[in-house]
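# The following block contains a protein sequence and its predicted model.
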Amino acid sequence: MSHRPDNPHNIVNDSLKIWYGWPMKTTISLCAMLVLLVVFACNDKADTYSGVDAGPPVDAGGDSDTDTDTDADSDSDVDPCQEGAWSGDYQITSATSLADLADYTSVTGDLWIGESMLSGLYGLECLESIGGALTIIDNEALVDMNDLLQLTVVGGNLTIDSNPSLPTLDGLANLETLGGDQLNIRFNYCLLPEYAEAFHDQLVEAGWEGDASIHDNDADGGC
């Protein structure tokens, strides 16, 4: 039996016959597989980058941290309590003069708060020390001194006099040092005597040894 040598032309023809002889369904299936491979390749690249711009970091206050300050709310580069010391004496008789002392941490001289209609001392929450005396007198509407809670030192005498609406001395709860030898708490008609005495005891326990004048508080039976 004779064997016909392979002819390259015949090989090509046979290959084409095999290719064109495939069923149409098989051809479609191969195309679908190629499409799926392309899709999977694109997804693998997408996994390495989300494609979503996260934007600038957000700080604890919820705003975009595009500023350079380090405070929690990032709303300003100026922190409170940065005014330092007020040199000399200072008088507060109105909301304007009260606001002008805001953010100061100390007064080197006397601080006098009097003859006002202030209900509170908002703006003095940074005040830590007074070099001279502290006098709070004739403030008819004063009901709250809690903005003095940072105050720990009064270098001179302390007078709280004729504040008829003041119910407590809680705003001076952190006062540790009274440098003067006189404490005056009188004619505060809403202040219970036991509150005044408790404040006096607080100073004595901290080492104060001066004279105290405490009287005519709660003259109207409380408020």
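Everything's here; your move.
# Find the residue ranges of this structure scoring beneath the pLDDT cut-off.
1-78, 219-222 (pLDDT under 70).
# What ranges does the chain have for its strands?
84-86, 90-92, 104-107, 111-116, 129-130, 134-139, 153-154, 158-161, 177-178, 182-186, 211-215 (DSSP state E).
# Sheet-wise, list the partners of the last one with their directions.
Strands flanking strand 211-215 in the sheet, each with its direction: strand 182-186 (parallel) (DSSP bridges).
# buried sites along the partner strand?
Going by neighbour count (16 or more other Cβ atoms under 10 Å), the buried part of strand 182-186 is 183-186. All C-beta atoms are positioned from the backbone trio N, CA, C, and that covers glycine.
# ditto for stretch 196-215
Per 16+ other Cβ under 10 Å, stretch 196-215 contains these buried residues: 196, 199-200, 202-203, 208, 212, 214.
# Name the nearest of the residues you listed relative to Gly156.
Trp208 (12.5 Å; Cβ to Cβ).
# which ones are touching the residue nearest to that closest one when sequence neighbours are not counted?
Once flanking residues are discounted, Trp208 sits nearest to Leu178: 4.9 Å by Cβ to Cβ, 6 or more residues apart in numbering. Counting by Cβ atoms under 8 Å, 6 or more residues apart in numbering, Leu178 touches 154, 157-158, 203, 206, 208, 210.
# for Arg186, what are its contacts?
Arg186 neighbours (Cβ under 8 Å, 6+ apart): 160-162, 213-217.
# Show me how this structure divides into domains.
9-39, 84-215 (automatic domain parsing).
# which one of those domains lies closest to Cys223?
Across the domains of the chain, closest to Cys223 is domain 84-215 (Cβ to Cβ), at 3.7 Å.
# And that closest one, end to end?
36 Å (Cα to Cα, to the nearest Å).
# Contact partners for the closest residue to Gln91 other than its chain neighbours?
Spatial nearest neighbour of Gln91, chain neighbours left out: Trp112 (4.7 Å); criterion: Cβ to Cβ, 6+ apart. Contact analysis of Trp112 by Cβ under 8 Å, 6+ apart lists 89-92, 135, 137.
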